[in-house]
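A.B. asks: A structural model of the following input is requested.
(2 chains)
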Amino acid sequence: MYQLLIDSSNKYLAVGLSQDGEVVDSIFYEAWQRQSEMMTTEIENILKRNNIVKEQLNAVVVGIGPGSYTGVRIAITIAKTIGYALKIDVYQVSSLALLKDPVKPTICIFNARSGRSYFGVYEKDAVIKEDCVEPNEKLLKYIAEHKDYVLAGDCENLNLISAKFDIIKNLALGYKKENKVDNIFKLNPKYLKDLTK
Amino acid sequence: MFAIIDEVRNMMKYKYISKSESETKTLAGNIVEHLHPGDVVLLTGDLGAGKTTFVSGALKKLGYSEHVVSPTFNILKCYFEVKPPVFHIDAYRLENQNHDIGLEEFIEGNGITFIEWPIYIPELIPLKHLSIELTRIDDDKRNIIISDETDSYKELFASLKVN
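C.D. replies: Next comes the predicted model:
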């Protein structure tokens, strides 16, 4: 059985296929604000080119944000729809956690605009710091205090350099029972921002 | 024709009398040539003053040939087909509404953003912006005031002065 892997929370469009945690195929490119036009088409493409029919899918793994206002809603909507229609399980993963290095502790960053960033810190399966949205100065202070951590994600606007990351591989690793969604009707994006108002 | 009304140290302000819709569009085209990704243009003026006409002129200059309408219902329209992309916001319906609908991703994004009725989303307006104020003189004529409080558009104002 195969798992469909999707994330659109930020500037990337990520569509992948995995077999028990191992990536089989992936489609990944920048599609800022345009994922809604492309995601379903790319899902169809990846299934077709691997000769996989929908009955061979047993799960959808989805990045649930935080991130772009529209972006966080697209992948989740698609994941919930497929989960409901095919009666298969949905697995949720923080979109920030998808930036983590396979071994080293990573400060995962997305631009939240208006001088703020979303960030969370991950090391393998452990959460070192829960996802949050903070003014950039606060993030920069955190980075300065943790110089041994890897930086990944939206670093350019902070004049920093991002390490390489593999969103699809991390989605594939998200296929494990603690990430399984019990009730897909209750699955919501990780907004973070609204809570700070 | 242009007249300098005010050119104090940190405030550029120019006035233009447009005699027709087509002149307003030409002016918009001349202005958009000096704009870059991330720039924000505020359009103020009553209904029918020519705010959407202005955006339409800018889009035409960038190669968009279809009819342009104001996103009064949609709030935001994206023109990804032109370079840089153009985002057209009409904030009229956002008065006393929740503004947390992701508009900042476009305003701070990689395109040129035109905002009609910016008065209704004050917290989303960046300090650096170009203001275009349109006032009706008669059916065809419009008084257009172009201003920049942060002195960020030197090149644009220099070119307007020459014309």
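A.B. asks: so what's residue 90 up against?
C.D. replies: All of this is about chain A. Counting by CB atoms under 8 Å, 6 or more residues apart in numbering or on different chains, residue A:90 makes contact with A:59, A:60, A:61, A:62, A:79, A:80, A:83, A:180, A:181, A:184, A:187. All C-beta spots, glycine's among them, are computed from the backbone N, C-alpha and C.
A.B. asks: um, chain B though
C.D. replies: Residues in contact with residue B:90 (CB under 8 Å, 6+ apart) are B:70, B:71, B:72, B:74, B:75, B:76, B:115, B:116, B:117.
A.B. asks: By neighbours, which of these wins?
C.D. replies: The most crowded member of those, judged by other CB atoms under 10 Å in any protein chain shown, is residue B:115 (27 neighbours).
A.B. asks: Please identify the helix or strand for the closest residue to residue A:185 other than its chain neighbours.
C.D. replies: Spatial nearest neighbour of residue A:185, excluding adjacent residues (CB to CB, 6 or more residues apart in numbering or on different chains): residue A:80 at 7.7 Å. Here residue A:80 sits within helix A:71-86, counting by DSSP states H and E.
A.B. asks: Give me the contacts around that helix.
C.D. replies: Taking CB under 8 Å, 6+ apart as the rule, helix A:71-86 contacts A:4, A:6-10, A:33, A:35-36, A:39-40, A:43, A:54-55, A:57, A:60, A:62-66, A:88-90, A:95, A:181, A:184-185, A:187-191.
A.B. asks: Following element in sequence after it, please.
C.D. replies: Toward the C-terminus from helix A:71-86 - assigned by DSSP H and E - lies strand A:89-93.
A.B. asks: could you show me where the strands are in the chain, in order?
C.D. replies: With no chain named, the answer covers chain A. A:2-7, A:12-19, A:22-30, A:57-63, A:89-93, A:106-113, A:116-123, A:126-135, A:150-153 (DSSP state E).
A.B. asks: look at chain B instead
C.D. replies: Applying DSSP E to chain B gives strands spanning B:2-8, B:11-18, B:40-44, B:76-79, B:86-90, B:112-116, B:130-136, B:142-148.
A.B. asks: Please report how far the nearest residue to residue A:117 once chain neighbours are set aside lies from residue A:129.
C.D. replies: Spatial nearest neighbour of residue A:117, excluding adjacent residues (CB to CB, 6+ apart): residue A:139 at 4.8 Å. The gap separating residue A:139 from residue A:129 is 11 Å, by CB to CB, to the nearest Å.
A.B. asks: which of those two has more neighbours?
C.D. replies: Remark: of residue A:139 and residue A:129, residue A:139 carries more neighbours, 21 against 16, as counted by other CB under 10 Å.
A.B. asks: what residue ranges in chain A score low on pLDDT?
C.D. replies: Along chain A, the parts satisfying pLDDT under 70 run over A:194-197.
A.B. asks: Neighbours of the residue of chain A found nearest chain B, how many?
C.D. replies: Per CB to the nearest CB, residue A:69 is where chain A lies closest to chain B, at 2.5 Å. Neighbour count for residue A:69, taken as other CB under 10 Å: 19.
A.B. asks: Same question for residue B:96.
C.D. replies: 6.
A.B. asks: ok, for the closest residue to chain A within chain B, nearest residue in space, not its chain neighbours?
C.D. replies: Residue nearest to chain A within chain B: residue B:102 (2.5 Å; CB to the nearest CB). Leaving out its chain neighbours, the residue that sits closest to residue B:102 by CB to CB, 6+ apart is residue A:69, at 2.5 Å.
A.B. asks: what's the nearest residue to residue B:62 if we skip its chain neighbours?
C.D. replies: Once flanking residues are discounted, residue B:62 sits nearest to residue B:82: 4.0 Å by CB to CB, 6+ apart.
A.B. asks: That neighbour against residue B:64, yeah?
C.D. replies: Yes: using CB atoms under 8 Å, residue B:82 is in contact with residue B:64, at 5.2 Å.
A.B. asks: Could you check how far the residue nearest the centre of chain B is from residue A:28?
C.D. replies: Residue closest to the mean C-alpha point of chain B, counted by CA atoms, centre = their mean, is residue B:41 at 3.8 Å. Separation of residue B:41 from residue A:28 (CB to CB): 34 Å.
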